[in-house]
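A.B. asks: Provided below for reference: sequence and predicted model.
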Amino acid sequence: MKWYRSLYWRIALGVVTFLAAMLAVQAVLFVWTVSRSGRSLPGQSPVRLGMTVALDLANLLERDPRADLRHYIKEQYAQYAHPFFVMMADGTVIASGSETFPEPLMAMARARLQFGERIRGERPPGPRPDRFGPGAGERAERFERGGDRFERDPAGFRFVRPSPILVNGRLAGVVVVPPQAPFGFLLGRYAPMLALVAGAVLVVGAVLTSAMIFGPARRRLRALEAAARKLGAGDLSARAPDRGGDEIAAVASAFNAMADDLGARAEALAASDRVRRQLLADVSHELTTPVTAMRGYLETLTMPEVKLDEATRARYLTIIGDETSRLERLIGDLLDLARLEGGGGTLRLEDVPVAHLFDRVVARHERRCADAGVMMTTAIAADADVVHGDRDRLEQALQNLAVNAIRYAPRASVMSLASRATTGGIALSVEDHGPGIAAEHLPHIFDRFYKGDPARPFEWPQNVSSTDGETGRSSGSGLGLSIVKAIVERHGGTLSVESRPGRTVFEMILPVA
């Protein structure tokens, strides 16, 4: 990136430009204020300055009548911050600087010289237009009448009365000091000093600004940039310092929140990938088992050298049919679960009587309960006799839970179906008094193909259901509880389980329409 494109340089240039403009405005206001107030001579008034200069020049001319007044004034009074001029008796004007003075001041100087000639009797009374200009006589009359040290001409111009330069009792000239220094004169006089001060202020201000403002901001933005680069390179633990509570801290906090979200997403993706790989392995295993059995028996039946009696042949064909049914059920469960979890299929929502659902479960498993020596009971609360949902899907969920309960319920025990009203809706529960589910299996029993012991692929954790109602630990597809969970979640409800030795309760809570 080009240096002039940097945000720091742009801000710094703006700050320095602003400071320079402010200093320039302050300098101009300072000079203007001094010029208007007339306080360019600290501790000394314009009248006193005029008298001092007049006395100094008179002493010089007494010592050396041919002294170079112009050189002397430039050398001795050039450093004064207040201008003045000297008008000699012969009309020569010597200014303390290169500035010019307004005509009223020049006219008053001429009038003062004319007044001095009258006093000495060097000429008859009356104005001398050819030498001192029109109106000089009237000004001389005002000097004869006396007055304040400050005078005003007819136009209203305010000035200080000229100070006479007396050499050996003779008026050699006058010194005129304006009561206010001209703005241009003061600006030129103070410009070098003001420029030096302004430059120093700009340098110090730029250094302090860089150290106190841009320095910390630059370091924090650098840290944010480094964290972003690390995160982009794959380091999900990269975080930016978010202390301070200012805008940079807000950006850093937003970056950290984004990094946390990305980390959570990455972990979720990794977990999903692990589940996917495990699912593929489980599906492959579950599909391979019946296919392998079917192939083995089919190869045996088709071998001409193997002589089989009719009973053996019929038994082999029965096994092949059973494995085919098992394979069909497994594929059907997988498709069913995929549709439910993927949002496929449409639920036909309606008000379903709970008694109808329970009667269907009891009727289907009545004979099995009799064979297992298990009694099935139902209990429906008065305020929980109707649920809103898909009749067939809710029955499927209850059938799966009932199969688990019957499979693990001990003989002469009771398995109960119950409904009750809760704050979250209507709760439908299936309870049995079997050995219970081990605590280490509880967090995983709703996972697809979860097995209690991976080294024993046919031993399913307790209460894992079969979707077709067959008994036996190895007969289930391992997807029953996953399907129940998907059905309940599609209805907007929740599925939970509580288990201990002697009591296991599956409860699904369905929201009220």
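C.D. replies: Ah, there it is.

A.B. asks: which residues of the stretch 201-350 of the chain score low on pLDDT?
C.D. replies: Residue ranges of the stretch 201-350 of the chain with pLDDT under 70: 213-214, 275, 278-279, 282, 285, 341-345.

A.B. asks: Which parts of it are helices?
C.D. replies: Applying DSSP state H, counting those that start in this stretch to the stretch 201-350 of the chain gives helices spanning 215-232, 247-302, 310-341.

A.B. asks: what does the host helix or strand of Val86 rub up against?
C.D. replies: Using DSSP states H and E, the element containing Val86 is strand 85-88. If you take C-beta atoms under 8 Å, 6 or more residues apart in numbering as the criterion, strand 85-88 is touched by 53, 57, 69, 73, 93-96, 101, 105-106, 109-110, 113, 162, 165, 172-176. C-beta: built from backbone N, CA, C; applies to glycine.

A.B. asks: That strand pairs with which strands, parallel or anti?
C.D. replies: Strand pairing for strand 85-88, using DSSP bridges, gives strand 93-95 (antiparallel), strand 170-176 (antiparallel).

A.B. asks: which other helices and strands contact the one helix or strand Ala107 maps to?
C.D. replies: Using DSSP H and E, the element containing Ala107 is helix 103-120. Counting contacts by 3 or more C-beta pairs under 8 Å, 6 or more residues apart in numbering; DSSP states H and E, helix 103-120 packs against strand 85-88, helix 129-132, helix 136-145, strand 158-160, strand 170-176.

A.B. asks: and it, average pLDDT?
C.D. replies: Averaged over helix 103-120, pLDDT sits at 74.

A.B. asks: what do you get for stretch 439-451?
C.D. replies: 80.

A.B. asks: starting at the chain centroid, how far to that stretch?
C.D. replies: Offset of stretch 439-451 from its chain centre (C-alpha atoms, centre = their mean, to the nearest Å): 43 Å.

A.B. asks: 43 is where my numbering starts, stick with that
C.D. replies: Okay, using 43 as the starting number, the last item reads as stretch 481-493.

A.B. asks: wait, Leu329 sits on Glu370?
C.D. replies: No. Taking contacts as C-beta atoms under 8 Å, Leu329 lies outside contact range of Glu370: 11.2 Å.

A.B. asks: Can you report phi and psi for Ala481?
C.D. replies: According to degrees, to the nearest 10, the main-chain angles of Ala481 amount to phi -60, psi -30.

A.B. asks: To what extent is it buried, counted in neighbours?
C.D. replies: 9 (other C-beta atoms under 10 Å).

A.B. asks: and what of the one 4 residues further on?
C.D. replies: For Pro485, the tally of surrounding residues (other C-beta under 10 Å) stands at 9.

A.B. asks: Just confirm it is within a helix.
C.D. replies: Yes. Residue assignment for Pro485, taken from DSSP: H, G, I helix; E, B strand; the rest coil, places it within a helix.

A.B. asks: Now do the same contact list for the closest residue to Ala259 other than its chain neighbours.
C.D. replies: Excluding its sequence neighbours, the residue lying closest to Ala259 (C-beta to C-beta, 6 or more residues apart in numbering) is Ile290, at 6.3 Å. Ile290 makes contact with 259, 262-263, 266, according to C-beta under 8 Å, 6+ apart.

A.B. asks: Number of residues surrounding the closest residue in space to Gly305 that isn't next to it in sequence?
C.D. replies: In space, and not counting its chain neighbours, Gly305 is closest to Leu278: 4.4 Å by C-beta to C-beta, 6+ apart. Leu278: 15 surrounding residues under other C-beta under 10 Å.
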